[in-house]
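> here is a sequence with its predicted model. Questions after.
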Amino acid sequence: MTNRALIVGASGIVGSATARILDDAGWEVFGLARKPLAQGRVKPVSADLLDPGSLKAALSDIAPTHVFLSTWLRQQTEAENIRVNGAMVRNLLQVLSGAGSVRHVALVTGLKHYLGPFEAYGKGVLPQTPFREEQGRLEVENFYYAQEDEVFAAAQRDGFTWSVHRPHTIVGKAVGNAMNMGTTLAVYAAICKETGRPFRFPGVAIQWNGLTDMTDASLLGRHLVWAATTPSAANEDFNVVNGDVFRWKWMWERIATWFGLEAAAFDGTVQPLERQMAEDAPVWRDMAQRYGLAEPDITRLVSPWHTDADLGRPIEVVTDMSKSRRLGFLDYQATDEAFIRLFESLRADRLIP
């Protein structure tokens, strides 16, 4: 049977990486977004997940066999996150239900499954690390859980299989993404080099000294496709990380070296990027004009609040991948090389000087 993928959030970090993988593998790929971008042979679909009418019109002739959900909308409160993001998943799967074509739905969430939502992030009683899938849910409301429940309910109703994918912080390229540490650090480093400001680690000592891991967007895309096409991976939840661990005191030096910077000494003082970069919009606009950059609006590139949240966590975060390994997914990606590949791509696309 022909594999026809619908990628929801196709213009984001995860969706665009997954689209490239599926396109290269010969799938017919449709990329859904409110403002879809041109991506190779991927067929753009414009629709609003909160508007069932627009979804029905946009998807009437597509009948996907596999659905990859990699989008969300940030709201002011977790209650609103639950209402809005749950409705987005529910609306989509209800519209697709009529065609009866869907064989598998893959949902991307993240480690907030274990760390708690934004309002309670890294607080209270948390599971021990490394995080393992069998640790289950926290006793707290979380929009990830609401999204999962919508997928589970639709799967029971329509008979498709599902998979849930929980990456750690994702390294990948997308413009206008709400959570983008790699590009945020690249823009910050470029500004430090341009202005002579010190390249300061913005987080806390436990992140500087402790072990952590991350997730490359292409590795996550391969994991999504693997789970969607491997019978033994059906109806399972998975952690997804690169396979290496590192300390930020080592990685910070690696990033500084690539940009031709000297990493500032870390004395334990927290210097959030949101504060450090608060006045950088005009600096970046001038840099964009001087170097002919493609995006002069710094807010389209950086998400300091998200990077501060990750690098300000009061606990060491490492993630277990044993379930995937046992079932046959053995891909590995060195995280420093993932950062370097991203920086090279950003420079090639004139997103950084």
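Noted; the coordinates are in hand. Numbering: from 1, shown residues only.
> C-alpha from now on. contacts and neighbour counts both.
Fine.
> the residue nearest the centre of the chain - nearest residue in space that isn't next to it in sequence?
Nearest to the mean C-alpha position of the chain, by C-alpha atoms, centre = their mean, lies Ile170 at 4.8 Å. Nearest-residue entry for Ile170: Thr215, 4.7 Å, with adjacent residues in sequence omitted and distances by C-alpha to C-alpha, 6 or more residues apart in numbering.
> returning to that earlier point: for the residue nearest to the centre of the chain, what are phi and psi?
Main-chain torsions, Ile170, degrees, to the nearest 10: phi -100, psi 130.
> just to revisit the earlier point, burial of the residue nearest to Ile170, as a residue count?
25 (other C-alpha atoms under 10 Å).
> for Asp51, same thing?
So Asp51, with other C-alpha under 10 Å, has 13 neighbours.
> relative to Leu273, how far out is it?
Going from Asp51 to Leu273 by C-alpha to C-alpha, to the nearest Å gives 36 Å.
> before we move on, what about Tyr144?
According to C-alpha to C-alpha, Tyr144 stands 26 Å off from Leu273.
> do the same with Gly260
Counting by C-alpha to C-alpha - Gly260 and Leu273 are separated by 20 Å.
> between those two, which one's more packed in?
More neighbours surround Leu273 than the other of Gly260 and Leu273, with 22 against 11 (other C-alpha under 10 Å).
> any weak-confidence spans in this protein?
1, 122 (pLDDT under 70).
> hmm, 90 instead?
1-2, 11, 33-41, 98-99, 116-128, 136, 174-179, 313-315 (pLDDT under 90).
> wait, isn't the residue nearest to the centre of the chain in contact with Ala217?
Yes: using C-alpha atoms under 8 Å, Ile170 is in contact with Ala217, at 5.9 Å.
> where do the contact lists of those two overlap?
Counting by C-alpha atoms under 8 Å, 6 or more residues apart in numbering, the shared contacts of Ile170 and Ala217 are Ile13.
> ok, which stretches of the stretch 1-150 of the chain are helices?
For the stretch 1-150 of the chain, the helices defined by DSSP state H, counting those that start in this stretch cover 13-24, 52-59, 78-97, 112-115, 143-158.
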